[in-house]
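Engineer: return a 3D structure for these sequence lines:
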Amino acid sequence: MRAPVQCVVLMSALAADTPAAWLAIDGRPFLDYLLLEAWRFGFRKVLLIADGGGSRARAALDASRIGEQTHLSIDVLEAPGAGTGGALHAARDRLDERFLLLDGQCWFDFNWLSLVTAEGAEDAIATLALRAFEGRSRRKPVKIDGSVVRALGGEPGRGIASAGVSLVSSRVLEHVSPACGLEDDVLPRLARRGAVHGLLAAGGFIDIAEPADRAVAGRVLSQARRRPAVFLDRDGTLNQDAGYVHRVEEFRWLPGAANTVRRLNDGGYYVFVVTNQSGVARGLFDEAAVAKLHAFMNDELRAAGAHIDDMRCCPHHPDAEVAAYRVACSCRKPAPGMILDLMRCWPIVEDNSIMIGDNEIDSAAGRNAGIASAIVPPGGLGGFVDKLLRR
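Structural biologist: Residues are numbered from 1 along each chain as shown. Model prediction:
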């Protein structure tokens, strides 16, 4: 199943004309954190459905410049008083066949794309990210049988409950009305039919509808977004090195590579690709071809529940045939420029980060950037990552 590219955010109001998602957390709207995550996981279209304050939402988006920062295509729809199910009914002409649905008051730190490959997700109308809540919560509990959610509802409290992130099929539109609630009306009925599945995940969680969570949201979000990174070479590490690979039809994943990236995602690492591409400097292909191939790689990975957070390539070479690229630059490995640039752009914990490649040039780039480095052992990337995750 291909991963969706649309993310729908339900923006409930904590007070009149004040969607919770616009509350400032460490100087920026809570919604910004959700949109940064959506972009990180490869979503490219966002539909915000506001219970009220649609004009304010548009103004806040312009002020935060989050769309410019992430290149997300962001649309706003106002559906006052419709309820969470009625909001989808109001958006029925704007929804993709499958979309990720977010509660705009919640932030759940897990691999969102794992819902794509969850058991039963392809046939389910909704696949819910579930979390075990130890303390009291406003989240309503679910009863689950394997991956099938059999019942949803009851008194909020401790136990397993939906955590505000769901993979939803547009078939849900057959079951919503202009004024209804998803968790109160629609999902309980669908659960009784076996049409709702769930995936139990673990990770940090914030619900800014809860005053206690709101008080610590800035600290929790700041700490959670700081994480170690794995920097990966491309040719010979993720895919077969056939010499200047630049066409989709030439690209071949190494065995287990996609699953290894998925396990790093699940393990809480940022995953980056840093690759020398002197074929551009030699005039064999252009930077657009590299970008097209990298987009293909992430499309393939997203279908496997995985993703690469960001990619850097160096098109230069000191002996380039193309004059514009004839540069002895600081980004061409073994120089550390690509790694250092990613460190400037992302909140990376450097002490636990590592560069992994298939030769000494990659390893030297990691050392020059001040992080650990390793060469892929004969058994391949998977075995090495197993040890890294255990550590």
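Engineer: what backbone torsions are found at Gly268?
Structural biologist: Gly268 adopts backbone torsions of phi 90, psi 10, taken as degrees, to the nearest 10.
Engineer: should've said Leu381
Structural biologist: In this entry, Leu381 is assigned phi and psi values of phi -70, psi -30 (degrees, to the nearest 10).
Engineer: neighbours of it, just the number please.
Structural biologist: Burial measure for Leu381: 26 neighbouring residues, criterion other Cβ atoms under 10 Å. (Glycine included, C-beta is placed from N, CA and C.)
Engineer: residues touching the residue nearest in space to the middle of the chain, list them.
Structural biologist: The centre of the chain sits closest to Phe41, judged by Cα atoms, centre = their mean, with a distance of 2.1 Å. For Phe41, the residues meeting the contact criterion (Cβ atoms under 8 Å, 6 or more residues apart in numbering) are 111-113, 302, 307.
Engineer: in helices, which of those residues appear?
Structural biologist: In helices, defined here by DSSP state H, the members of those are Arg302.
Engineer: look up which helix or strand Trp107 falls in, please.
Structural biologist: Using DSSP states H and E, Trp107 maps to strand 106-108.
Engineer: ok, that strand: who's next to it in the sheet?
Structural biologist: Based on DSSP bridges, the strands next to strand 106-108 in the sheet, each with its direction, are strand 205-207 (antiparallel).
Engineer: just how off-centre is the strand it pairs with within its chain?
Structural biologist: The chain centroid and the centroid of strand 205-207 are separated by 17 Å under Cα atoms, centre = their mean, to the nearest Å.
Engineer: how many other residues sit next to the residue lying closest to Gly67 once chain neighbours are set aside?
Structural biologist: Using Cβ to Cβ, 6 or more residues apart in numbering and skipping the chain neighbours, the partner closest in space to Gly67 is Ile74 (4.9 Å). The local packing of Ile74 (other Cβ under 10 Å) involves 19 other residues.
Engineer: then Leu182?
Structural biologist: Applying other Cβ under 10 Å, we find 26 other residues in the vicinity of Leu182.
Engineer: name the SS class of the residue lying closest to it once chain neighbours are set aside, please.
Structural biologist: Closest residue to Leu182 apart from its sequence neighbours, by Cβ to Cβ, 6+ apart: Thr84 at 4.3 Å. Secondary structure state of Thr84, per DSSP: H, G, I helix; E, B strand; the rest coil, is helix.
Engineer: Thr84 against Leu187, yeah?
Structural biologist: No. Counting by Cβ atoms under 8 Å, no contact exists between Thr84 and Leu187, whose distance comes to 9.6 Å.
Engineer: compare those two (neighbour count), which wins?
Structural biologist: More crowded of Thr84 and Leu187, by other Cβ under 10 Å: Leu187, with 29 against 22.
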